[in-house]
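Engineer: The sequence and its predicted three-dimensional model are supplied below.
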Amino acid sequence: MSMNLGPDSKQPLKLMSMGGPPIAPIVILPSQSPAVLGRSGQCSIVLKDPDEIVSRRHVKIAISGDFWTVQDLGSK
């Protein structure tokens, strides 16, 4: 599954936690595209998750044309 996040890929993307343990906002700069978020140390952005709710490679965020896109990497 993937989805478009917004019309301005030239601006940084700010991600905030909507549930679970509080985490600091994550800012992804256009120059960091594509970014993979997850628990693995090999991810662009490593999320600390002792309860292992987040997958090792959870989501990829990238610029596609004028949009930021999010792709669920489907790992368990």
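Structural biologist: Everything's here; your move. No experiment lies behind these values; they were computed from the predicted model shown.
Engineer: Was I right to think residue 17 contacts residue 23?
Structural biologist: Yes. Contact criterion Cβ atoms under 8 Å: residue 17 and residue 23 qualify, at 4.8 Å. For the C-beta atoms, the positions are set from N, CA and C on the backbone; glycine is no exception.
Engineer: All the helices of the protein, in order from the start?
Structural biologist: Taking DSSP state H as the test, none of the chain falls into helices.
Engineer: Worst mean pLDDT across the helices and strands of it, which element?
Structural biologist: Counting by mean pLDDT, DSSP states H and E, the chain has its least confident helix or strand at strand 2-6, which shows a mean of 60.
Engineer: how much space is there between residue 32 and residue 52?
Structural biologist: 25 Å (Cβ to Cβ, to the nearest Å).
Engineer: Show me which of these two is the more surrounded one.
Structural biologist: Set side by side, residue 32 and residue 52 give different neighbour counts by other Cβ atoms under 10 Å, the larger being at residue 32 (15 against 8).
Engineer: where's the more buried one relative to residue 74, distance?
Structural biologist: 22 Å.
Engineer: Please apply the same query to residue 64.
Structural biologist: Between residue 64 and residue 74 the distance is 18 Å, computed by Cβ to Cβ.
Engineer: out of those two, which sits in the busier spot?
Structural biologist: residue 64 (13 against 10).
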